[in-house]
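Trainee: Using only what follows, build the 3D model:
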Amino acid sequence: MEEKLIWGMRLARMLSACVEVAAAVLLLRMADPRAMLRLNSLLGLVGPLAFVTVSALGLAASLGKLQPGRLLIVLLGVVLVLWGTR
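Mentor: Below is the predicted model:
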């Protein structure tokens, strides 16, 4: 089970990177600043979504290995990062 979660983390990051690179290629080809801004705003969703997904998979893989207090600290860290970037 843990190996599947680790592979999920890897795949989520690879998918996120592919989306970012594809968007960069599209931005290079675009000439309309409004369309570029729309695409960039959509990309703003990809980063946090990848962060939350990979964090959740990592926490799920670490549930049996982390002490409850440390797990709470990690969860609090994720929440603080999300709150601080909103």
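
Trainee: lowest-pLDDT helix or strand in the chain?
Mentor: Least confident helix or strand of the chain, by mean pLDDT, DSSP states H and E, is helix 68-84 with a mean of 86.

Trainee: That one packs against which elements?
Mentor: Here helix 68-84 touches helix 33-62, going by 3 or more Cβ pairs under 8 Å, 6 or more residues apart in numbering; DSSP states H and E. For glycine as for every other residue, the C-beta is placed from the backbone atoms N, C-alpha and C.

Trainee: Go through the helix it packs on and flag the buried ones.
Mentor: For helix 33-62, burial by neighbour count (16 or more other Cβ atoms under 10 Å) applies to 43, 50, 51, 53, 54, 55, 56, 57, 61.

Trainee: And for stretch 3-11?
Mentor: So stretch 3-11, judged by 16+ other Cβ under 10 Å, has buried residues 5, 8, 9.

Trainee: contacts for that stretch?
Mentor: 54, 57, 58, 60, 61 (Cβ atoms under 8 Å, 6 or more residues apart in numbering).
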